[in-house]
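Trainee: Sharing a model that was predicted from the sequence below.
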Amino acid sequence: MIWFTADFHLSHKNIIRYCQRPFVNIEEMDTVILDNFSESVEPGDTLYFLGDLTFKASVATQFFERFKDIQIYFIIGNHDSTEVIELARKYCVNVAHLKDVTINNQAITLCHYAMRVWNKSHYNAWQLYGHSHGRLTSVGKQHDVGVDNNIFTPISFEKLVKIMKGKANNVNYIGEKRGKMIGTDE
């Protein structure tokens with residue numbers, strides 16, 4: 001399966017207060033997030049992690065070692081330290097600030113941050129992001145895949161398909177017929 005998530009902030013005590021997470025302490029928070037992750041993502045699955053894993057290299061190492069049988073694409077977040085990014089480069093398939101992918105003919109732009117427009121947004125491509133901790137209203141075919149917005153659980157591609165069907169077109173969507181009339185190859 002293919003999964004998306006962001007904003008674990010493992011071992012980040014203040015995130016509980018900042019985001020009003022329903023946890024007593026970081027031990028409880030880390031346990032719930034990692035248990036939910038383990039119950040969803042299985043060896044051989046693909047994960048797109050959209051940033052803010054942890055500040056701590058030791059915690060990142062434990063995460064990457066524990067889930068080394070998962071194919072991880074790591075999108076850098078603002079709370080990922082230089083050491084965490086270097087570890088991601090060691091353990092992950094790809095590390096970037098921005099990544100465009102196509103899954104089952106669906107174009108998707110992945111970034112830690114929400115965007116106003118993105119690659120192929122005029123053709124209703126999706127944009128998945130984190131960073132806002134469920135506090136930013138998405139526009140068009142966007143979704144915050146962070147744990148705060150998804151019951152502290154990763155979200156599958158299949159679930160995203162259902163979510164996106166219920167969303168409005170992107171603000172710059174030109175429509176199928178118009179795109180073909182102007183001679184695009186998309």
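Mentor: In hand now; what should we look at?

Trainee: low-scoring stretches of the protein, by residue?
Mentor: Within the chain, the segments meeting pLDDT under 70 span 176-186.

Trainee: residue boundaries of the strands in it?
Mentor: Applying DSSP state E to the chain gives strands spanning 2-5, 46-49, 71-75, 94-96, 98-103, 106-111, 126-129, 142-144, 155-156.

Trainee: I'd guessed Y173 sits against G140; true?
Mentor: Yes: between Y173 and G140 a contact is recorded at 7.2 Å, counting by C-beta atoms under 8 Å. C-betas here are computed from N, CA, C, even on glycine.

Trainee: Between the two, which has more neighbouring residues?
Mentor: Taking other C-beta atoms under 10 Å, Y173 and G140 do not tie; G140 has more neighbours (20 against 17).

Trainee: residues in contact with that one?
Mentor: S121, N124, K167, A168, N169, N170, V171, Y173 (C-beta atoms under 8 Å, 6 or more residues apart in numbering).

Trainee: Going by distance to Q106, which of the residues you listed wins?
Mentor: Closest approach to Q106 among those (C-beta to C-beta): N124, at 9.2 Å.

Trainee: So what's the residue count around the closest one?
Mentor: Every residue meeting other C-beta under 10 Å relative to N124 is counted, giving 21.

Trainee: how near is it to V161?
Mentor: Remark: distance between N124 and V161 (C-beta to C-beta, to the nearest Å) = 13 Å.

Trainee: before we move on, what about C19?
Mentor: Separation of C19 from V161 (C-beta to C-beta): 27 Å.

Trainee: Show me which helix runs longest in this protein.
Mentor: helix 26-40 (DSSP state H).
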